[in-house]
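Q: just coords:
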């Protein structure tokens, strides 16, 4: 996608309150449609959905220990999307002060370690590509744990 600097700057912000959090659609673009048709063929040829079910189960296994961390209020999953909700006391009744930006701090720590997490406020998401392997999932889990512990160390 191409955009002017003014348009790009209009969407660029670390703040969840200001940033535009929705994706854009290129419906009907012939090149995008051709790519989509080929992607659907690959799904059939490589049985991607069956492989994703195995990957999703592995993600569940790797995420389970996070539920015992003192600042993780919830670990939830839908297929290959997994979320960790961070709070002051590990329950949904005690969110962090939004100004403390705990999720952003965890995101930045993970980024320093070479892993991209998806933060929305103080909820961190795993959304790995379908080609992710077990070693990469383990790296994702290890880095997420380190990032959460780092971001919540002094947060109250």
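A: Alright, I've got the coordinates. All figures in this text were calculated on a predicted structure; none of them were measured in a lab.

Q: name the residues of the longest helix along the chain that are buried.
A: Secondary structure of the chain per DSSP state H: the longest helix is helix 134-152. Using 16 or more other C-beta atoms under 10 Å as the test for burial, helix 134-152 gives 137, 140-141, 143-148, 150-152. Bear in mind the C-beta positions are built from the backbone N, C-alpha and C, glycine included.

Q: distance to residue 59 and pLDDT added to those residues, as a markdown table?
A: What follows is the buried residues of helix 134-152, written out as a markdown table (distance: C-beta to C-beta, whole Å; pLDDT from 0 to 100):
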| residue | distance to residue 59 | pLDDT |
| --- | --- | --- |
| 137 | 6 | 98 |
| 140 | 8 | 98 |
| 141 | 8 | 98 |
| 143 | 14 | 98 |
| 144 | 11 | 98 |
| 145 | 14 | 98 |
| 146 | 17 | 98 |
| 147 | 16 | 98 |
| 148 | 16 | 98 |
| 150 | 21 | 97 |
| 151 | 21 | 97 |
| 152 | 21 | 96 |
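
Q: distance from the chain centre to the helix or strand of the chain with the lowest mean pLDDT, please.
A: Ranked by mean pLDDT, DSSP states H and E, the weakest helix or strand in the chain is helix 5-11, scoring a mean of 80. Helix 5-11 has its C-alpha centroid displaced from the chain centroid by 23 Å (C-alpha atoms, centre = their mean, to the nearest Å).

Q: need the residues that contact the longest helix of the chain.
A: 55, 58-59, 62-63, 65-66, 69-72, 84, 86, 102-103, 105-107, 109-110, 113-115, 117, 124, 126, 128, 132 (C-beta atoms under 8 Å, 6 or more residues apart in numbering).
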